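Asker: sequence-free structure coming up:
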């Protein structure tokens, strides 16, 4: 495990000490959890940003919108019976599961 040395303002150190005391954890545990939560959140934000960027690009493409509409039509509520049967292992239905 790596070692990191940081300087923090006294008010933050006090809050860290209080959190460690209240949670029954060491200061190092509290800091590790905080860093993990921060890094996880930043990664999640980057993924969401990339997805939003891709969605905007697809939304601006006529062919992509047409394909999305076609998929939506194929998977509409009234046409999900064959798909649900296939997922349930029901081989008695005729035709491909996607129709």
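Answerer: It's in. If you're wondering where the values come from, they're calculated on a predicted model, not measured in any experiment.
Asker: contacts and neighbour counts: CA atoms only from here.
Answerer: Fine.
Asker: and residue 6, what are its phi and psi?
Answerer: phi -130, psi 160 (degrees, to the nearest 10).
Asker: what sits against it?
Answerer: Residues near residue 6 by Cα atoms under 8 Å, 6 or more residues apart in numbering: none.
Asker: how many neighbours does residue 41 have?
Answerer: When neighbours are defined as other Cα atoms under 10 Å, residue 41 has 12 of them.
Asker: so it is in which element?
Answerer: For residue 41, the element it lies in under DSSP states H and E is helix 27-59.
Asker: helices or strands next to that helix in the packing?
Answerer: Packing partners of helix 27-59 (3 or more Cα pairs under 8 Å, 6 or more residues apart in numbering; DSSP states H and E): helix 10-23, helix 62-74.
Asker: Could you give me the buried positions within that helix?
Answerer: 27, 30 (16 or more other Cα atoms under 10 Å).
Asker: for stretch 18-26, same thing?
Answerer: residue 20.
Asker: 37 is where my numbering starts, stick with that
Answerer: With the count now opening at 37, the last piece we talked about shows up as stretch 54-62.
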